[in-house]
Structures are given as structure tokens and as C-alpha cells.
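Asks: After the sequence you'll find the predicted model.
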Amino acid sequence: MISINQLFKSFEQGNLKIEVLKGIDLTIKEGEFIAIMGPSGSGKSTLLQLLGGLDTPSSGQVKIHGKDFSGLTEKQRTIVRRKSIGFIFQNYQLLPTLTVEENIGFPLYADGRKDKNMKEKIRNMIKEVGLEGFEKKAPNLLSGGQQQRVSIARALIHEPKILLADEPTGNLDRQRAKEILDLLAKFNKQRKQSIIMVTHDIFAASYADKIILFKDGLIETEVTREDHGYAEYLASFLA
């Protein structure tokens, strides 16, 4: 699904060159749920931006289905994003002047689709994320957990194969966070979507098939659910 080869990203700050990613190699399989952890400034969110085509690498490649995504023009990357990638953000990024159903359907309308079953598709998605009865509500009338449900529904409405989540439970209490993570796990299993989630929360990371720990722009550790040390690895964060 996704192949990352010798990915470097640096920024110029005055006379300084700041290296954020220093040669990342990573393969993400179809339907895999990945959690990326690490201290602030380790390159986690930068990697997510490169995977989503929101930025371009200094060198190296991001391949999606064998095609070099990072080598496309901005217009070409936009087309790929609309068709293949969904985004979930910590602060939800909902459009305040639109209702719940309008926010969820926005990617379809923005893409110029005229599907006669579009309204039914939106209704079904609202039901799947547990927001029936809130269709006409504005985002500011919803709780944080409900707003994140809208964000998830919006990310999934065009049925992307890749879902990128940047601290999706960062603004939620533990119960609301569990509800959101249960939703993500459900869609991951049902739709075989690849989920790449950046998080500081080991509870959130425990939902993933694989945890990748970043440090100083490099992958320090990878541990999968099948590894013998997986439980101990999780416990070490909680010690």
C-alpha cells in the first residue's frame, strides 16, 4: 500500500538547516493500523504531512500503490488526496457555518460529485458514527467527542484506502477517546483501510497492529502485536 524509501525532510531557518527526517524507510500494508509515537519534534507529524501530500520531501520517495506520490505536482497530489486519503485532526477542523451533515458531505460536494445516492450515503455514514438526530446541528453545539465523530465521518465519506490521524484523541477524556478508537478499529477491520495514527497516548497506540517509535528524525523501534515483547513494550510506557 505505502512504501517510504530514504525519506529526508529539512527546513531552512535563517542560516540554519534543520533536519526533521533523516532517512526513513517504512512499508505499510493494506489494512494495517499503525501508531507512530515519539517526543515532540521527532518528525512524527512531518511524516504524516508527507504521507498526505500536504508537503514534499527534501529527498526520498513516498510510494502509494507503487506510484511516487511525492513526485507529483500539487494538482496531482490533490486528486490523489480526494480519492485515496482521509484526514482526522486533533482539533477536528470542521467548518463552523455548516451543519453536521453538510460537514460530512463536504468532500463529495467539493469533488463535484453528483451522485443521486449522495444523501443516502451521508445518512448511512451519520448512522455508522452514532450521530443520528444531530444532522442539522452546528459544530459548536456538539461535544468534543461528537465533533470528532463528524471528523471521522467526513474523512471516510469518499471511502479512502488510507486514513491519516493526527492525535485524534488528544482533546478528549478517556471515555470519549475509547469511543473514538473503537470507531477507528471498527472501520479498520470492516473496510480494510490502512490507518496511520500519530499519538502521544499509549492507550491509543494499544489499538494499533504496530507501534513505531520516532526519535530525532529516525525510527528507533518497531514492535508489532505478534512480537513477544509487545505487552512489555506497552507496560514500559505506563511504568
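Replies: It's in.

Asks: The nearest residue to residue 56 once chain neighbours are set aside: neighbouring residues, count only.
Replies: Counting by Cβ to Cβ, 6 or more residues apart in numbering, residue 56 lies nearest to residue 70, which is 5.7 Å off, once chain neighbours are set aside. Any C-beta I mention is one placed from the backbone N, CA and C, and that applies to glycine too. Using other Cβ atoms under 10 Å, residue 70 has 20 other residues around it.

Asks: Tell me which residues touch residue 70, please.
Replies: 50, 53, 56, 57, 60, 61, 62 (Cβ atoms under 8 Å, 6 or more residues apart in numbering).

Asks: Swap in 6 Å and give it another go.
Replies: By Cβ atoms under 6 Å, 6 or more residues apart in numbering, residue 70 lies in contact with 56, 57, 61, 62.

Asks: wait, the second one sits on residue 7?
Replies: Yes. In this structure, residue 57 sits in contact with residue 7. The criterion is Cβ atoms under 6 Å, and the distance is 5.4 Å.

Asks: and the two? which has more neighbours close in?
Replies: Higher neighbour count among residue 57 and residue 7: residue 7, with 24 against 21, using other Cβ under 10 Å.

Asks: quick one: contacts for the more buried one?
Replies: Shown in contact with residue 7 (Cβ under 6 Å, 6+ apart): 21, 24, 57, 60.

Asks: can you list these in JSON lines and add pLDDT and distance to residue 15?
Replies: As requested, the contacts of residue 7 are exported to JSON lines (pLDDT from 0 to 100; distance: Cβ to Cβ, whole Å):
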{"residue": "21", "pLDDT": "96", "distance to residue 15": "21"}
{"residue": "24", "pLDDT": "95", "distance to residue 15": "26"}
{"residue": "57", "pLDDT": "93", "distance to residue 15": "22"}
{"residue": "60", "pLDDT": "94", "distance to residue 15": "24"}
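
Asks: Pull the most distant pair out of these.
Replies: Maximum pairwise distance among the contacts of residue 7 (Cβ to Cβ): 9.2 Å, between 24 and 57.

Asks: And the strands in the protein, which stretches?
Replies: 2-13, 16-28, 33-37, 59-64, 67-68, 85-89, 162-166, 194-198, 210-215, 218-224 (DSSP state E).

Asks: how much distance is there from the fourth one to the middle of the chain?
Replies: What separates the centre of strand 59-64 from the centre of its chain is 18 Å, taken as Cα atoms, centre = their mean, to the nearest Å.

Asks: Give me the contact list for it.
Replies: Here strand 59-64 makes contact (Cβ under 6 Å, 6+ apart) with 2, 3, 4, 5, 6, 7, 8, 50, 68, 69, 70.

Asks: is the closest residue to the second one other than its chain neighbours in a bridge, and if so with what?
Replies: Leaving aside its sequence neighbours, residue 3 sits nearest to residue 63 (Cβ to Cβ, 6+ apart; 4.2 Å). Taking DSSP bridges, one finds residue 3, residue 68 as the beta-bridge partners of residue 63.
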